[in-house]
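Asks: Got a sequence here, can you build the structure:
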Amino acid sequence: MRPWPLLFLLLSALAQAPKPLKVGGEVGQALYPGGRGVAYGEARLVARGLGLALWRGEGQVALGLGSRFRPFPILAQEAQAALQGAAWGRGEEVWVPLRPLAQALGLGYQAQEGVSLTLPWAQLLGVERGPGRWLLRFSREVNALPQGNGVLFLLARGEGEGLRQEALGLFLPLEAPPDRLYYPGGGQVALEWGPLPRPRPSILLDPGHGGQDPGVPLGGGLLEKDLTLDLARRVAARLPGSRLTRQGDQTVPLEARLALARTASVGVSLHVAPGSAVNLYLPKGRSLPLAQNAEALLASAPPAQAALLRVYAGDPRRLAQALEKAFSALGLVVAQAEGPYALTDVAGAFLLLEVGAERLKTPQAREQVAEAIAQAIRSYLE
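Replies: Residues are numbered from 1 along each chain as shown. Okay, the predicted model is just below:
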């Protein structure tokens, strides 16, 4: 028998043998489960050596650095774990593939006689201090660790008022620990004190048609798309912070409008038709569980909870009632019907309002209608 096959097998076996592993200041070994040539390291050693966050749940493990994290499912079969790039459960230990982890978190990875994972020290670039909030910016993502009377930024260096350099990183003494610590991304760490700001309901106005879709001709050279945009702008001027699905004469596909509607607490799709009638179209049925229960929850919840609920879900029928009341003050009767099937997947209070062109002939008339719509939305949210 020629020696070449034996030599090849020997070299292959050596390549899969355990190798020295150095992770920051920690030393261990890299294993190659299943003989697949994928280097694995013990998760706790990797996290400890580079100051990474480590989380382990049922059937999953994740390591994180600032706003970056890399989850792995845990598999007991070593060959299957290496084949799928998953973590390997070895008794009480969990081993993770090192190269994918390094790529996800921006770690240095070298594999020669052994395997080395490195993380250069981060440099503090600046500190922004405001009432109840500090924002620290670093040259890379860092992990921050609250410690008694301050916060330690692991493997970070820098200078600034009150900052103290320590062996493990940069320490910031504080009079009181932060109520919240989070990572906005881009190497930033935010520290905040005080209650969370209450989210505000978002308002969306959808001027129907636009661009290549002119809507219906209304006589006198007027087009539906122009009147809906004019009306939406007048309503938005009365509701600070409201958004429009289009700002000019552009084509906005239905799916794009629906995507915006799904992020809104309350909204009205504006349309114009010949004549003088005012029609409201409510979604026929609602598919989302939160939307289905919104009517009962809004009726029974305490005021604070109801206000919070209206940020994420709403009741189109209550909005319709508010619109009917506002239009009745103008001497206008509003007819209701079910129609926009697309709105069944929208959790907020969203409906379609169609106003007769006869009601919008003059700028003064449009102002009256816009005020009625804005007043109804304010009334609903209050």
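Asks: Which stretches in the protein count as helices?
Replies: Under the criterion DSSP state H, helices of the chain are mapped to 3-16, 43-50, 78-84, 98-105, 224-238, 254-261, 289-300, 303-312, 316-328, 363-381.
Asks: The fifth one - contacts with which helices or strands?
Replies: So that's helix 224-238. Packing contacts for helix 224-238, counted by 3 or more C-beta pairs under 8 Å, 6 or more residues apart in numbering; DSSP states H and E, involve strand 203-207, strand 243-244, strand 266-273, helix 363-381. Where C-beta positions appear, they are placed from N, C-alpha and C, glycine not excepted.
Asks: Centre of the chain to it, how far?
Replies: Remark: helix 224-238 is offset 30 Å from the chain centroid, using C-alpha atoms, centre = their mean, to the nearest Å.
Asks: Please spell out which residues along that helix are buried.
Replies: By neighbour count on 16 or more other C-beta atoms under 10 Å, the buried set for helix 224-238 is 224-232, 234-236.
Asks: With the second one instead?
Replies: Neighbour-count burial for helix 43-50, with 16+ other C-beta under 10 Å as criterion, is recorded at 43, 45-50.
Asks: Report all helices and strands that that helix contacts.
Replies: strand 19-23, strand 26-30, strand 53-57, strand 60-65, strand 93-97, strand 115-118.
Asks: low-scoring stretches of the stretch 1-150 of the chain, by residue?
Replies: 1-16 (pLDDT under 70).
Asks: so which of the helices and strands packed on helix 224-238 comes closest to Leu196?
Replies: helix 363-381 (19.8 Å; C-beta to C-beta).
Asks: Could you export the closest one as PDB, CA atoms only?
Replies: Extracted in PDB, the C-alpha atoms of helix 363-381 (Å, rounded to 0.1, in the frame of the first residue of the first chain):
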ATOM      1  CA  PRO A 363     -60.900  77.300   0.200                       C
ATOM      2  CA  GLN A 364     -63.300  78.300   3.100                       C
ATOM      3  CA  ALA A 365     -65.300  75.100   2.700                       C
ATOM      4  CA  ARG A 366     -62.200  73.000   2.700                       C
ATOM      5  CA  GLU A 367     -61.000  74.700   5.800                       C
ATOM      6  CA  GLN A 368     -64.300  73.800   7.500                       C
ATOM      7  CA  VAL A 369     -64.100  70.200   6.500                       C
ATOM      8  CA  ALA A 370     -60.400  70.000   7.500                       C
ATOM      9  CA  GLU A 371     -61.200  71.500  10.900                       C
ATOM     10  CA  ALA A 372     -64.000  68.900  11.400                       C
ATOM     11  CA  ILE A 373     -61.700  66.000  10.600                       C
ATOM     12  CA  ALA A 374     -58.900  67.300  12.900                       C
ATOM     13  CA  GLN A 375     -61.400  67.900  15.700                       C
ATOM     14  CA  ALA A 376     -62.700  64.400  15.400                       C
ATOM     15  CA  ILE A 377     -59.200  62.900  15.600                       C
ATOM     16  CA  ARG A 378     -58.400  65.000  18.600                       C
ATOM     17  CA  SER A 379     -61.600  64.000  20.200                       C
ATOM     18  CA  TYR A 380     -61.000  60.300  19.600                       C
ATOM     19  CA  LEU A 381     -57.400  60.500  21.100                       C
END
